[in-house]
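S.K.: Build me a model from this:
(one chain, ligands or ions: 1)
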Amino acid sequence: MPSANTLRASAIAEPPTTSRKAPPVVSSSRVSQITPAETYVSPAAGSKGTVVVAGAGLAGLSAGKYLVDQGYTPLVLEARDVLGGKVAAWKDEDGDWYETGLHIFFGAYPNTLMLFEELGIQDRLQWKNHSLIFAMPNKPGVFSRFDFPDIPGPFNGIWAILTNNDMLTWPEKIKFGLALIPAITKGQKYVEEMDRMSFSEWLKMQGAPPRIEKEIFIAMSKALAFVDPDQLSATVVLTALNRFLQEGDGSKMAFLDGAPPERLCQPIADYIERAGGKVLLDKPLEQVLLNEDNTVAGFQIRGVKGQQPEIITADRYASAMPVDILKKLLPSEWAAMPFFDNITPLEGTPVINIHLWLDRKVSDVNNLLFSRSKLLSVYADMSVCCNEYKDDQRSHLELIFAPAAEWIGRSDEEIIAATVKELEIIFPEYFGANARDPAQVRKYKVVKTPRSVYMARPGMQAHRPDQKTPISNFYLCGDWTMQRYLGSQEGAILSGKQMAEAIEADRAVRPRKAVSSAGIPASFNVRQIR
Ligand SMILES: Cc1cc2nc3c(=O)[nH]c(=O)nc-3n(C[C@H](O)[C@H](O)[C@H](O)COP(=O)(O)OP(=O)(O)OC[C@H]3O[C@@H](n4cnc5c(N)ncnc54)[C@H](O)[C@@H]3O)c2cc1C
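M.R.: Down below sits the predicted model:
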């Protein structure tokens, strides 16, 4: 049985989806007929119970970690042959890593930083100078910096704005500062209320000069949620500003020192397994089986790579899958329930991650850069920023291409050609007809995620569900579920933690009986982990 210890490179594929069929309603009265096959986990004496979690992105792994901490025995099942979901990465034929996304960790990620500490891997976060660096579209090759001095927030942020003279005039800076006051002083309630409008509308309401949006917040919106500010809920940017400005190190950024599946996900999986849980790859949830009372009776797992399909039963069940996939797998008996019906408008945003390996060094900036170009969002030279990708001679650019709705269906060649065209503005010395020292692209990778983080349009906050559902033995986590950190690594990790807490809070609720053998085709292995 492949376990998380046998990570392998894989082709880029959307996690498999299955059509929404009404599941068989199986009787819960004949449990004694089950002859379970080998079990994946054997709860130790004193275990508070077993939980099967579908999805081993950061949310599912975090859920597994905090469930074992609380005394439960989790089994985390991942559809693909790689851990991490949106932080998954693969090695190419030369042994170079390529990732689903360029990933940044912020100082304002308390749950993530705590998780790194709990795993004893905090030295894997490579912290950069506390600066936000923007390319200047009208001055090719020039960068403008907001440098945050080492003084408490929000004063370091105010200082960073006031001392930047490239992007904003003094009257603009003053108006910008005044516009930001509610973002700094008003609490989460205000931030949530602003979900009724886009960030563009919020800036107008605050009387911020239009150039502020153009100069700063198009780049920031694309970096935060892969869309422009007129498409993005004000809550998203205000949440970020609130954390960034209130916490002294809030906007300080770190890169992981290598590929996330190995450097972050595997340590979480190892932690879970050391504590008696299990993390398995190649285990796609195909169908949620129900008892007569609509509680979960078992997870039906598709048999992939020659494995037998199986039904796994446990005390409790959870989804850590993306919202688009959960919607497809929702049993029809649940879909009409107001709680589940309410998530219908949530859907993932398209985004593209690009890797360009160049034949020379084009940058020595050891930090994230905001491209402020039409097609690109943020980028970094990973040969400088990330230990494992270090190369003193040649650059390895990782770039986010967003908004990507119009591009997601186009060929890799078209996307690379458009990207290189934009690099003519950012690196005129190395790209374009007038380049003094033309750089060659040695190789590239284009990783498309047609449905990534949930599209945070105005009004979506009300559709994000709690981790506890109306089904007494079924829970949810994932960056799109309700937690205070939006669609992000921090949001995913926090959602998993909140789900573990919700399960613990329900401890007194008696788990439902497992699926019976009635109605189960003979071709299924039944593994009863309770
Ligand atoms: C290009 C890009 C750049 C990003 N940059 C940043 C950044 O800089 N900073 C930041 O904080 N965040 C960033 N994010 C967001 C961050 O990656 C996500 O918010 C987070 O990783 C989501 O974790 P998750 O566990 O909620 O979901 P996912 O990572 O989507 O995990 C869901 C898992 O469920 C699995 N699954 C699907 N179907 C099934 C099934 N049927 N059975 C079992 N398993 C299934 C999937 O394969 C996947 O592993 C970025 C995302 C992208 C795409």
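S.K.: from here on, contacts and neighbour counts on C-alpha atoms
M.R.: Will do.
S.K.: Now do the strand or helix carrying E273: which elements does it pack against?
M.R.: Assigned by DSSP states H and E, E273 belongs to helix 266-274. Applying 3 or more CA pairs under 8 Å, 6 or more residues apart in numbering; DSSP states H and E, we find helix 266-274 packed against helix 58-69, helix 110-119, strand 278-280.
S.K.: and the following helix or strand past the shortest one, C-alpha only, in CSV?
M.R.: In this case it means strand 278-280. For strand 278-280, the succeeding helix or strand toward the C-terminus, using DSSP H and E, is strand 285-290. Provided in CSV are the C-alpha atoms of strand 285-290 (Å, rounded to 0.1, in the frame of the first residue of the first chain):
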residue,chain,number,x,y,z
LEU,A,285,-12.9,9.5,-2.3
GLU,A,286,-15.5,8.5,-4.8
GLN,A,287,-18.7,8.5,-2.9
VAL,A,288,-20.0,9.3,0.5
LEU,A,289,-22.2,6.4,1.7
LEU,A,290,-25.1,7.3,4.0
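S.K.: Return the distance of strand 285-290 from the chain's centre.
M.R.: Mean-position distance between strand 285-290 and its chain equals 24 Å (CA atoms, centre = their mean, to the nearest Å).
S.K.: Strand partners (parallel or antiparallel) of the next helix or strand after that strand?
M.R.: Using DSSP H and E, the helix or strand that follows strand 285-290 towards the C-terminus is strand 296-301. Strand 296-301 has the following strand partners under DSSP bridges: strand 285-290 (antiparallel), strand 310-313 (antiparallel).
S.K.: which parts of the stretch 401-530 of the chain sit against the ligand?
M.R.: Selection of the stretch 401-530 of the chain residues close to the ligand by CA under 6 Å from any ligand atom yields 452-453, 478-479, 487-490, 492.
S.K.: Deepest in the core, which of the helices and strands packed on helix 266-274 is it.
M.R.: helix 58-69 (a mean of 28; mean count of other CA atoms under 10 Å).
S.K.: which other residues reach the helix holding E273?
M.R.: By CA atoms under 8 Å, 6 or more residues apart in numbering, the list of residues contacting helix 266-274 from outside reads 4-5, 61-62, 64-65, 68, 74, 83, 119, 278-279.
S.K.: follow-up on the earlier one: to Y379, which of the strands paired with strand 296-301 lies closest?
M.R.: Taking CA to CA, strand 285-290 is the member of the strands paired with strand 296-301 nearest to Y379, at 34.6 Å.
S.K.: Just confirm yes or no for the closest one near the ligand.
M.R.: Yes - Strand 285-290 reaches the ligand (CA under 6 Å from any ligand atom) through 285-286.
S.K.: So, low pLDDT: which residues of the stretch 401-530 of the chain?
M.R.: Low-confidence segments of the stretch 401-530 of the chain (pLDDT under 70): 510-525, 528-530.
S.K.: Of all residues in the stretch 301-450 of the chain, which one is closest to the ligand?
M.R.: Across the stretch 301-450 of the chain, no residue is closer to the ligand than M321, which sits at 3.9 Å (CA to the nearest ligand atom).
S.K.: correct me, but that residue touches L58?
M.R.: No - counting by CA atoms under 8 Å, M321 stays clear of L58, with 10.3 Å between them.
S.K.: Make sure I have this right: E93 is in a strand.
M.R.: No - assessed with DSSP: H, G, I helix; E, B strand; the rest coil, E93 is coil; it does not lie in a strand.
S.K.: and it, how many neighbours?
M.R.: Neighbourhood size, E93 [other CA atoms under 10 Å]: 8.
S.K.: Then F401?
M.R.: Using other CA under 10 Å, F401 is surrounded by 28 other residues.
S.K.: Same check on the one 5 residues further on?
M.R.: Using other CA under 10 Å, the number of residues around E406 comes to 9.
S.K.: what separates it from L399, distance-wise?
M.R.: 17 Å (CA to CA, to the nearest Å).
S.K.: again, but for F148
M.R.: Going from F148 to L399 by CA to CA gives 24 Å.
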